[in-house]
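[1] what shape does this take:
(2 chains)
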Amino acid sequence: MNGAQDMGGIHGFGQVTPEPNEPVFHAEWEKRAFALTLAMAMPGQWNIDMSRYARENRPPAEYLAMSYYQLWFAALETMLKERDLVTDDEIVVGHSLHASKPVKRTLTPGDVLNVLHRGGPTERETNTQAAFKAGDRVRARNINPVTHTRLPRYVRGHVGVIERVIGCHVFPDSNATGAGENPQWLYIVRFAGSELWGPNGDPTTAVSVDAWEPYLEPA
Amino acid sequence: MRVRALETVLTEKGYVDPAALDLLIETYEKNVGPRNGARVVAKAWTDPAYRARLFKDATPAIAELGYAGRQGEHIVAIENTPKRHNMVVCTLCSCYPWPVLGLPPVWYKSAPYRSRAVSDPRGVLKDFDVTLPPDTEIRVWDSTSEIRYLVVPMRPAGTEGWSEEKLAELVTRDSMIGTGLPKSPKDLK
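    Coordinates of the predicted model:
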């Protein structure tokens, strides 16, 4: 979706302000929101692409006014409610009022380190051949889906070069809507700064994105 | 308050175990952080065979040191050279190599960084007090998939014969994102 999350190239946000000796978390609630989000991935009620879509799918003004963990927490509530795991009246009173829905599994303390260490690899086996090879010129397609996509607006319509063929990976555009993993070839595609930003670009810079094959066409 | 209320609801329903939440928090507050990445970089600086493995396929090379898993399932290591400086961003959210750098700082997730890193990387570097020669190519990597990038900065001059442990002290978090440079030997004194 062409939402506020797609920030590459927007003007007016000002300077980057690094915080010296920054703590990992800035408040107790951030810790719990972070941990709840990770732990609730375990029951398998959604995938990472659905989580990202739940975070970005809101009015731009609202997205920009929220801190990062506020977005995570809001998305967690949204997904829990959509799947009837939690209801509004329960959130208001802060207690369970209705029977739990059966879930496949939950995260136990004994599992935590193994689950983190295993992660969630997204590479999949395939019988298909990659359409592009390193050095090929490609154009990022001009697509504007209202659903989740990982093709940023600032590269759409622009010509780049395949720098590396990565492998066949879960396709977020499908995975986010529940249409399945639909694995696709994934590439690192490099664009010249002047190609992306025209005369305002710095000719000594180049930018790459990771792009799945359906985002690309030969150029 | 709202977070605490939701935690209570989810705990009562049996979906989460607060002890597991505590362990998740402790892991990322205390155990997983940029010291991991610094060890990888220092090893790459001193061990040519390791360096070759790291640039060929970073995920197993990093796993040799025990770092693997969530948000680091597919890592690519990128090499700074006198001609090319690398910088990593996630314009769409906050993708970051957790096993080697820990959780991302607020600025990495912020609108100023995500918007300008791709269109004005030299300007962003200036915000970090980093100025590179005008003919150094700046290469920005936007992490739009599950690939996670680790920048391997150049080994500082004057560190010949140093041990891996001592070299690791020079490797800053920002030098592995590309918004900073490693410390120099005189910074340690």
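[2] work out the gap between stretch A:107-124 and the centre of the chain.
    In terms of CA atoms, centre = their mean, to the nearest Å, the centre of stretch A:107-124 is set 19 Å apart from its chain centre.
[3] and the end-to-end length of that stretch?
    25 Å (CA to CA, to the nearest Å).
[4] list the buried ones in it?
    A:107, A:111-112, A:115-116, A:119, A:122-123 (16 or more other CB atoms under 10 Å in any protein chain shown). Every C-beta, even on glycine, is put in place using the N, C-alpha and C of the backbone.
[5] quick check: A:Gly193 touching A:Thr205?
    Yes. Look at A:Gly193 against A:Thr205 with CB atoms under 8 Å: they come within range, at 3.8 Å.
[6] what are the ranges of the helices in chain A?
    When secondary structure is read from DSSP state H, chain A shows helices at A:28-39, A:48-56, A:60-65, A:68-82, A:88-93, A:112-118, A:172-175, A:193-197.
[7] for the ones you listed, give me CSV that also has mean pLDDT and distance to A:Ile166.
    Below are the helices of chain A laid out as CSV (pLDDT from 0 to 100; distance: least, CB to CB, whole Å):
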stretch, mean pLDDT, distance to A:Ile166
helix A:28-39, 98, 25
helix A:48-56, 98, 17
helix A:60-65, 98, 29
helix A:68-82, 97, 27
helix A:88-93, 95, 41
helix A:112-118, 95, 20
helix A:172-175, 98, 14
helix A:193-197, 97, 21
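[8] contacts for the strand ranked longest in chain A, please.
    When chain A is parsed with DSSP state E, its longest strand is strand A:159-169. Here strand A:159-169 makes contact (CB atoms under 8 Å, 6 or more residues apart in numbering or on different chains) with A:122-126, A:128, A:130, A:132-140, A:183-192, A:195, A:208, A:210, A:212, A:219, B:74, B:76, B:145-147.
[9] send the alpha carbons of it over as PDB?
    The C-alpha trace of strand A:159-169 is given here as PDB (Å, rounded to 0.1, in the frame of the first residue of the first chain):
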ATOM      1  CA  VAL A 159      15.900   1.100 -14.300                       C
ATOM      2  CA  GLY A 160      18.500  -0.700 -12.300                       C
ATOM      3  CA  VAL A 161      20.900  -3.600 -12.600                       C
ATOM      4  CA  ILE A 162      20.700  -7.000 -11.000                       C
ATOM      5  CA  GLU A 163      23.600  -7.200  -8.500                       C
ATOM      6  CA  ARG A 164      23.000 -10.600  -7.000                       C
ATOM      7  CA  VAL A 165      20.500 -13.500  -7.300                       C
ATOM      8  CA  ILE A 166      19.600 -14.400  -3.700                       C
ATOM      9  CA  GLY A 167      17.300 -17.400  -4.000                       C
ATOM     10  CA  CYS A 168      13.700 -18.200  -3.900                       C
ATOM     11  CA  HIS A 169      11.900 -16.600  -1.000                       C
END
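[10] so which bits of it are buried?
    For strand A:159-169, a neighbour-count test (16+ other CB under 10 Å) marks A:160-169 as buried.
[11] nearest to B:Ala157, of these?
    Nearest to B:Ala157 out of the buried residues of strand A:159-169 is A:Glu163 (CB to CB; 29.7 Å).
[12] tell me the predicted confidence for that closest one.
    Each residue has a pLDDT score; the one for A:Glu163 is 98.
[13] against A:Trp185, how distant is it?
    14 Å (CB to CB, to the nearest Å).
[14] okay, now the unreliable bits of chain B?
    For chain B, no stretch has pLDDT under 70.
[15] is the longest helix along it anywhere near chain A?
    In chain B, assigned by DSSP H, the helix with the most residues is helix B:34-46. No. Helix B:34-46 does not reach chain A (CB under 8 Å from any CB of the partner chain); its nearest approach is 10.9 Å.
[16] secondary structure element for the closest residue to B:Trp45 other than its chain neighbours?
    The shortest distance from B:Trp45 to any non-neighbouring residue, by CB to CB, 6 or more residues apart in numbering or on different chains, is to B:Arg155 (4.5 Å). For B:Arg155, there is no helix or strand it lies in under DSSP states H and E.
[17] B:Arg155 against B:Leu167, yeah?
    Yes. Contact criterion CB under 8 Å: B:Arg155 and B:Leu167 qualify, at 7.3 Å.
[18] quick one: common contacting residues for those two?
    Residues touching both B:Arg155 and B:Leu167 comprise B:Trp45, with contact defined as CB under 8 Å, 6+ apart.
[19] between those two, which one's more packed in?
    Between B:Arg155 and B:Leu167, counting by other CB atoms under 10 Å in any protein chain shown, B:Leu167 is the more crowded of the two (22 against 19).
[20] what helix or strand does that one sit in?
    B:Leu167 is part of helix B:164-168, with elements assigned from DSSP H and E.
[21] send the alpha carbons of the helix or strand following that helix over as CSV?
    Next helix or strand after helix B:164-168 toward the C-terminus (DSSP H and E): helix B:173-177. Extracted in CSV, the C-alpha atoms of helix B:173-177 (Å, rounded to 0.1, in the frame of the first residue of the first chain):
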residue,chain,number,x,y,z
ARG,B,173,27.4,-0.3,16.3
ASP,B,174,27.1,2.6,13.8
SER,B,175,30.2,1.5,11.9
MET,B,176,28.3,-1.8,11.2
ILE,B,177,25.2,0.1,9.9
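[22] contact partners of helix B:173-177?
    When contacts are defined by CB under 8 Å, 6+ apart, helix B:173-177 is touched by residues A:18, B:33-34, B:37-38, B:41, B:87-88, B:100-101, B:105, B:108, B:128, B:150-153, B:180-182.
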